[in-house]
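Asks: sequence and predicted structure are below.
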Amino acid sequence: MAMEIERKFLLPEYPQQLINEGALRIITRHSIDQTYLAIDGGQELRVRKITDLDTGEITFTHTFKDGKGISREEIEYGISAGLYNQMIEAVKAIPLVKERITGEWNGVTVEIDLYTQLELSVLEVEFESLEAAVSFVAPEWFGEDVSTERQYSNKTVWKALQSQKA
């Protein structure tokens with residue numbers, strides 16, 4: 001099982017000026033519909049429908065995660081549209097929708113998630129080791145480090161959306 005080591009920041013504003021100046025180079029832009037199939041403590045099963053906003057290509061993934069905090073075990077693989085649709089139909093849940101902009105800033109790959117159903121923007125950075133994650137000094141424009149604050153986790157935000165079901 002692979003380890004996902006990441007830090008998450010509460011992005012105070014979209015870094016358009018850094019993009020305009022060329023300091024932040026956009027690599028990809030995706031729309032992601034994310035639905036949880038099961039959540040139990042630190043374990044979660046989810047599926048995603050990922051649409052490339054530049055090419056229109058659509059892919060689907062199934063992910064298992066285990067753990068809490070900045071370091072978690074993760075298994076992710078591609079699935080068919082048919083399997084995705086069967087799982088979505090079975091849970092009848094509201095997907096968490098976000099636009100993910102992946103970019104490169106100062107040699108660091110950053111993922112900016114803009115949530116379309118609520119006023120929330122976060123920036124994530126993945127690391128090769130726990131030591132690299134802990135020693136990373138984020139610039140001020142990243143915003144507050146919320147890596148270990150549960151209210152900003154995708155599964156917590158997704159659970160809150162489910163209360164909006166008609």
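Replies: Right, received. Where do you want to start? As the structure is a prediction and not an experimental result, all values here were calculated from the model.
Asks: what residues of the worst-scoring helix or strand of the chain on mean pLDDT count as buried?
Replies: When each helix and strand of the chain is scored by mean pLDDT, DSSP states H and E, helix 154-162 comes last, with a mean of 90. For helix 154-162, the neighbour count (16 or more other C-beta atoms under 10 Å) marks 154, 157, 158, 161 as buried. For every residue, glycine as well, the C-beta is placed using N, CA and C.
Asks: quick check, nearest of those to residue 48?
Replies: Minimum distance to residue 48 across these is 10.3 Å, recorded for residue 154 (C-beta to C-beta).
Asks: quick check: buried residues in stretch 128-147?
Replies: So for stretch 128-147, counting by 16+ other C-beta under 10 Å, buried means 133, 141, 142, 143, 146, 147.
Asks: which residues sit against that stretch?
Replies: For stretch 128-147, contacts defined as C-beta atoms under 8 Å, 6 or more residues apart in numbering pick out 5-12, 15, 18, 69-71, 106, 122-123, 125, 127, 152.
Asks: stretch 57-64 too?
Replies: 43-52, 74-81, 83-84, 87.
Asks: equivalent analysis for stretch 65-78, please.
Replies: 1-7, 42-44, 46, 59-64, 130, 133, 147-148.
Asks: one more time with 7 Å, if that's ok
Replies: By C-beta atoms under 7 Å, 6 or more residues apart in numbering, the residues outside stretch 65-78 that reach it are 1-7, 42-44, 59-64, 130, 133, 147-148.
Asks: picking up where we left off before, would a markdown table of the buried residues of helix 154-162 with distance to residue 116 be doable?
Replies: Shown next, in a markdown table, are the buried residues of helix 154-162 (distance: C-beta to C-beta, whole Å):
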| residue | distance to residue 116 |
| --- | --- |
| 154 | 13 |
| 157 | 12 |
| 158 | 13 |
| 161 | 11 |
